[in-house]
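>>> generate coordinates for the sequence data below:
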Amino acid sequence: LGSVALHAPQEFERGLNVLLDRGRIEKRGGYGVYQIGALAGGGAVNSLFATTSTSQRKLVATANTRIFGISTAGAVTQLSAAAPNGARYDFTEFNHQGTVNVIGYTDQAPGHAFRWDSAAAAVTNLVGPGAACGVVTAHSGRVWTAEGRNIYISDQLKVDTFSPGAKQTLDGMEWYGKVKALVPLARNFLLVMCERGCYTISGSDPGNQSGVPNLHIKAFVDVGCPSTRGVVKIRDEVYFLGVENGVFGLYMTDGGDTIKLSGNL
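Alright, predicted model coming up:
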């Protein structure tokens with residue numbers, strides 16, 4: 001047996017259900033039911049998030065105003081009944097001095113960011129600049145949010161303190177449109193995904209407190225991201241629904257190279 005890269009296309013397609021490494025043929029694992037049945041009082045699940053912010057790694061499921069934890073054995077525990085009522089949530093994790101907070105965003109208008117310590121019965125809305133947002137992430141010890149073409153950056157090691165002036169505006173640069181996603185990459189880079197193209201940001205200090213800003217933003221690729229919901233990060237690779245010259249496709253990037261994975265959609 002050789003590398004998959006050495007197989008003819010038709011042979012590779014026939015081998016999609018097996019692994020060909022380690023000198024043998026090994027059947028790939030299949031899918032199984034992780035949890036079945038309605039989450040009491042929640043209704044349909046609208047978001048899933050894998051978190052380590054509780055005593056064990058588990059899935060967090062959101063349904064209307066309720067947040068549920070699902071253990072590795074599939075057991076369900078209601079964690080909160082007073083979350084924002086949103087059609088969908090985006091989550092990220094922020095760890096400061098051993099306390100892990102889950103920072104979320106609900107896309108039900110008006111969209112806003114909130115914090116939750118993974119065990120409390122309620123969540124706390126973020127206040128000040130950066131609270132009304134369409135995107136949220138944690139990167140380099142700060143919380144980053146975005147609305148339109150404005151990126152708001154929290155104080156260092158602060159979950160929800162957004163000081164005046166801690167903002168990066170994309171005006172005057174390539175007109176890539178509104179920010180659709182903020183994705184941390186390796187080597188301390190932040191990928192800024194906009195409607196018609198992407199930027200990268202190195203550094204994390206806007207300089208409003210230190211007086212020495214070190215943010216460097218530059219155009220990265222002319223492939224747009226039309227939807228916040230079309231972005232998935234797996235390890236150091238970002239897979240997303242992209243648009244280039246008005247044509248949609250599936251793309252992958254690691255912050256260095258961007259590859260189109262599919263034909264035109």
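
>>> any idea how many residues pack against Val45?
17 (other CB atoms under 10 Å). Yep, even glycine has a C-beta here, placed from its N, CA and C like the rest.

>>> now do Met252
16.

>>> with Asp254 instead?
16.

>>> that one reaches Tyr239, doesn't it?
No: with contacts defined as CB atoms under 8 Å, Asp254 does not count as touching Tyr239, sitting 10.5 Å away.

>>> show me where the stretch 1-150 of the chain has helices.
9-14 (DSSP state H, counting those that start in this stretch).

>>> which residue packs closest to the spatially most central residue of the chain, ignoring adjacent ones?
Centroid check for the chain by CA atoms, centre = their mean gives Val183 as the closest residue, at 6.0 Å. In this structure, Val183 finds its nearest non-sequential neighbour in Leu191, 4.3 Å apart by CB to CB, 6 or more residues apart in numbering.

>>> which neighbouring elements make contact with the helix or strand encompassing the one you found?
For Leu191, the host element (DSSP states H and E) is strand 189-194. Using 3 or more CB pairs under 8 Å, 6 or more residues apart in numbering; DSSP states H and E, the elements in contact with strand 189-194 are strand 179-185, strand 198-202.

>>> so what touches the helix or strand that the last one is followed by?
Remark: after strand 198-202, the chain's next helix or strand is strand 216-221, criterion DSSP H and E. With contacts defined as CB atoms under 8 Å, 6 or more residues apart in numbering, strand 216-221 is touched by 168, 170, 173-174, 176, 191-192, 197-203, 253, 255, 258.

>>> pull out the buried members of those residues.
Neighbour-count burial (16 or more other CB atoms under 10 Å) applied to the contacts of strand 216-221 gives 168, 170, 176, 191-192, 197-201, 253, 255, 258.

>>> follow-up on the earlier one: dump the residue contacts of the residue nearest to Val183.
Ala181, Leu182, Val183, Pro184, Leu185, Cys198, Tyr199, Thr200, Phe220, Val238, Thr253, Gly255.

>>> repeat for Leu185
So Leu185 contacts Leu191, Thr200, Asp236, Val238, Asp254, Gly255 (CB under 8 Å, 6+ apart).

>>> one more pass at 10 Å, please.
Residues near Leu185 by CB atoms under 10 Å, 6 or more residues apart in numbering: 139, 191, 200-202, 233, 236-238, 253-256.

>>> also Val127?
So Val127 contacts His112, Ala113, Asp160, Thr161, Phe162 (CB under 10 Å, 6+ apart).

>>> if you rank those by neighbours, which is first?
Compared across the contacts of Val127, Ala113 has the highest neighbour count, 27 neighbours, by other CB under 10 Å.
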